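>>> Pasting the sequence and the predicted model now:
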Amino acid sequence: MCENSLGGYSVTATHISNGEDFFSLEVPECDYIISNPPYSVKGNVLQRLFEIGKPFAMLVGVVGLFESQKRFEMFRENEFEIMYLNKRVSYFKSYEEQKPSLNPPFSSVYVCHGILPKQIWFEEIHK
């Protein structure tokens, strides 16, 4: 993300549906990487992000985040921050119908690297 001359920001979006695979994609010139990775590959995404070394923020489910030995070691070996939210995040199922879920079944956190001023940050969201 880069600030443009109008005071806004330039956002580069990539997505697997456009044939852009995060695991083989050359990293675009950017200041931050921000996403909500699929639950099934969140550990692999976080590992790749630590390898890339750019500041990032990933919105992920907190359940099981540290429970695998591989992820436990990854977090122990890398600097990161976590943003806890006061409410559960309501996700939508598709871009076409952006209707948020009314009762999210799990809590989410932002796992960050090089973004937050403290390792644990608490933030309020308003629904």
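Noted; the coordinates are in hand.
>>> Relative to Glu96, how far out is the residue most central in space within the chain?
Central residue of the chain (CA atoms, centre = their mean): Met58, 1.0 Å from the mean position. Per CB to CB, to the nearest Å, Met58 is found 24 Å from Glu96. C-beta here means a position set from N, CA and C on the backbone, and glycine is covered the same way.
>>> follow-up on the earlier one: specify the local secondary structure of the residue nearest to the centre of the chain.
Under DSSP: H, G, I helix; E, B strand; the rest coil, Met58 falls in the strand class.
>>> start at 8 instead
Will do, 8 is the new start, and the previous item becomes Met65.
>>> residues in contact with it?
Ile41, Ser42, Asn43, Pro44, Lys49, Val52, Leu53, Leu56, Tyr117, Val118, Cys119 (CB atoms under 8 Å, 6 or more residues apart in numbering).
>>> Redo those as JSON lines? Include distance to Gln126.
Formatted as JSON lines, the contacts of Met65 follow (distance: CB to CB, whole Å):
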{"residue": "Ile41", "distance to Gln126": "19"}
{"residue": "Ser42", "distance to Gln126": "21"}
{"residue": "Asn43", "distance to Gln126": "21"}
{"residue": "Pro44", "distance to Gln126": "21"}
{"residue": "Lys49", "distance to Gln126": "19"}
{"residue": "Val52", "distance to Gln126": "20"}
{"residue": "Leu53", "distance to Gln126": "16"}
{"residue": "Leu56", "distance to Gln126": "17"}
{"residue": "Tyr117", "distance to Gln126": "12"}
{"residue": "Val118", "distance to Gln126": "11"}
{"residue": "Cys119", "distance to Gln126": "10"}
